[in-house]
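**Student:** Turn this into a structure:
(one chain, ligands or ions: 1)
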Amino acid sequence: MNATETLAQVAAECAACTNCGLHAGRKKAVPGVGPAEAEILFIGEGPGYNENEQGLPFVGQAGKLLDEMLASIGLRRAQVFITNVVKCRPPANRDPQPEELAACNEYLERQIAAINPKVIVTLGRFSMAKFLPNARISAVHGQPHTINGRLVVPFFHPAAALHQPDRRPALAADFARLPALIAAATQTEPPHPADEPDEPRQLTLF
Ligand code: URA
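**Tutor:** Reported below is the predicted structural model:
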């Protein structure tokens, strides 16, 4: 099975999943969206009202801010894969519970393995905790960590930046540093001096 097929299979399984109680309130599962070959994977928390209606991640206010932040570094949504740690909406947008995170983890693991992204950006403390279980987001946001040979960068959740406006500059600053981290993570070997163009090379993200 290739990566696209694996992602489609995971999406189909999410749509029919009954592995935790969240399925009871599900209108549409939100497995995630983006190209199978994306080099950057964003992992949020879980679907909210709009996501549950549409079956797509980050389509509400937090999604608008995410789009703005992506645009600020020259990225479009279509270039990245976006998913969540839980694929069904927690009632009244409450925090996902440990048993729900555990039940959904297998889907996320299969997505990560299929996409094999160069960089994972976690949005909020629940996706951060998957990789950095003892970290405090206010202390480590924006700092790259190498985990299982992959760069993982924890960011504040866009919804937190909406509700606590003092977090917005920090989120913007973390996004601003992302292109350099991506460039470092995607550069397999330094360019040979003879290959250097006369003009400064534009940062190529993909
Ligand atoms: N917040 C999230 O964490 N994920 C979404 O998909 C939407 C809002």
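**Student:** who in this structure is up against the ligand?
**Tutor:** Residues of the chain lying close to the ligand (Cβ under 6 Å from any ligand atom) are Val30, Gly44, Glu45, Gly46, Pro47, Gly48, Glu51, Pro57, Phe58, Ala62, Asn84, Ala159. (Each C-beta comes from the backbone N, C-alpha and C, glycine too.)
**Student:** Could you identify the pair within these that is furthest apart?
**Tutor:** By the measure Cβ to Cβ, Val30 and Ala159 form the most distant pair in the residues of the chain next to the ligand, at 14.9 Å.
**Student:** more neighbours, these two?
**Tutor:** Val30 (31 against 22; other Cβ atoms under 10 Å).
**Student:** right, and the secondary structure at that one would be what?
**Tutor:** Secondary structure, DSSP: H, G, I helix; E, B strand; the rest coil: Val30 is coil.
**Student:** sorry, back to before: in strands, which of the residues of the chain next to the ligand fall?
**Tutor:** Counted as lying in strands by DSSP state E, out of those, are Gly44, Asn84.
**Student:** In CSV: the residues of the chain next to the ligand, plus pLDDT.
**Tutor:** Formatted as CSV, the residues of the chain next to the ligand follow (pLDDT from 0 to 100):
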residue, pLDDT
Val30, 98
Gly44, 98
Glu45, 98
Gly46, 98
Pro47, 98
Gly48, 97
Glu51, 98
Pro57, 98
Phe58, 98
Ala62, 97
Asn84, 98
Ala159, 97
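**Student:** Next, count neighbours for Pro179.
**Tutor:** Pro179, neighbours per other Cβ under 10 Å, totals 14.
**Student:** And the pLDDT at the nearest residue to Arg76 once chain neighbours are set aside?
**Tutor:** Of all residues beyond its chain neighbours, the one nearest Arg76 is Leu70 (6.6 Å), with distances taken as Cβ to Cβ, 6 or more residues apart in numbering. Confidence at Leu70, expressed as pLDDT, is 98.
**Student:** so Leu70 sits right up against Lys64, yeah?
**Tutor:** No. Counting by Cβ atoms under 8 Å, Leu70 stays clear of Lys64, with 10.8 Å between them.
**Student:** quick one: which of those two has more around it?
**Tutor:** Leu70 (20 against 13).
**Student:** Quick check: the more buried one vs Ala92, distance?
**Tutor:** From Leu70 across to Ala92, the span is 28 Å (Cβ to Cβ, to the nearest Å).
**Student:** Check Ala11 too.
**Tutor:** 25 Å.
**Student:** residue contacts, Pro90?
**Tutor:** Pro90 is in contact with Leu22, Gly46, Pro96, Gln97, Glu100, counting by Cβ atoms under 8 Å, 6 or more residues apart in numbering.
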